[in-house]
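**Student:** fold the following for me, if possible:
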Amino acid sequence: MRIKVSLLIAALALLSLPAFAQAGNSEVSVNFTGNFQTQTTGFGLTDAPSDSGGVLVNYRYHFNRWSAVEANYGHTQFSQFYSSGSITQSAVNEATFAYQFTFGISKEARFHPFVEAGTGALFFSAPTLSGSNAGGFSQNRPVFLYGGGVTYRLVGRLSAQAGYRGLVYKAPDFAVTSQFTNATTQMAEPYVGLTFRF
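**Tutor:** The predicted structure is shown next:
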């Protein structure tokens, strides 16, 4: 229930942002991601996750040529393989917010590089596969976000976008004793997509 409420709040925040927008200062984008959580070890236990693909949706508002803010929603699904022999497959939803430094590039330029840092949360659902360890629970993890990328204007208000995001958080254990590492991990999230400016 907490996950559904959190996702609803994130969706409302994304939808309300255009109300503050001025012409030409807002962007919305849809991206495909690679999701690669690093292997972590803690308390003599190793968590070795699978790799996966996902989707990332952004809304970006430019204050000026130098700075912007961004709200993100992402979704993926992958498995956590623990050295104890336990396996948990879970859907993962992301709601993050970031400040972007945009290097003072003119709006009319073709290339628009940016770097960003922010925060938010990852929402790991309860185990979704029959082979998953029984008794697991959904978990929310606060996350630190950093990254960078570039948009390239294709035609009119349409641009291509490519970038890299790093998400740092505590590895999920789904409240299962045989999965508890208490270790910090990172998800590498390269992405490509299309952006529309309005």
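**Student:** show me where pLDDT drops low in this structure?
**Tutor:** 1-23, 128-134 (pLDDT under 70).
**Student:** and if we set it to 80?
**Tutor:** Applying pLDDT under 80 to the chain flags the ranges 1-23, 127-135.
**Student:** and Ala188, how far from Ala109?
**Tutor:** Distance, Ala188 to Ala109, using CB to CB, to the nearest Å: 28 Å. (Each C-beta comes from the backbone N, C-alpha and C, glycine too.)
**Student:** of the two, who's got more company?
**Tutor:** Ala188 (16 against 12; other CB atoms under 10 Å).
**Student:** partner residues bridging that one?
**Tutor:** Phe36, Gly166 (DSSP bridges).
**Student:** test my guess that it contacts Gly147.
**Tutor:** No: Ala188 lies out of contact with Gly147 (CB atoms under 8 Å); the separation is 9.8 Å.
**Student:** residues that sit against both of these two, list them.
**Tutor:** Taking CB atoms under 8 Å, 6 or more residues apart in numbering as the contact rule, Ala188 and Gly147 both touch Tyr164, Arg165, Gly166.
**Student:** out of the residues you listed, who's nearest Gln39?
**Tutor:** Gly166 (15.5 Å; CB to CB).
**Student:** identify the residues contacting the closest one.
**Tutor:** Leu145, Tyr146, Gly147, Gln186, Met187, Ala188, Glu189.
**Student:** taking the residues you listed, please make a PyMOL selection of just the buried ones.
**Tutor:** Buried residues within these, by 16 or more other CB atoms under 10 Å, are selected in PyMOL with:
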select buried, resi 145+147+186+187+188+189
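**Student:** would you turn the contacts of Gly166 into JSON lines with distance to Asp173?
**Tutor:** Below are the contacts of Gly166 laid out as JSON lines (distance: CB to CB, whole Å):
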{"residue": "Leu145", "distance to Asp173": "22"}
{"residue": "Tyr146", "distance to Asp173": "24"}
{"residue": "Gly147", "distance to Asp173": "26"}
{"residue": "Gln186", "distance to Asp173": "16"}
{"residue": "Met187", "distance to Asp173": "16"}
{"residue": "Ala188", "distance to Asp173": "21"}
{"residue": "Glu189", "distance to Asp173": "21"}
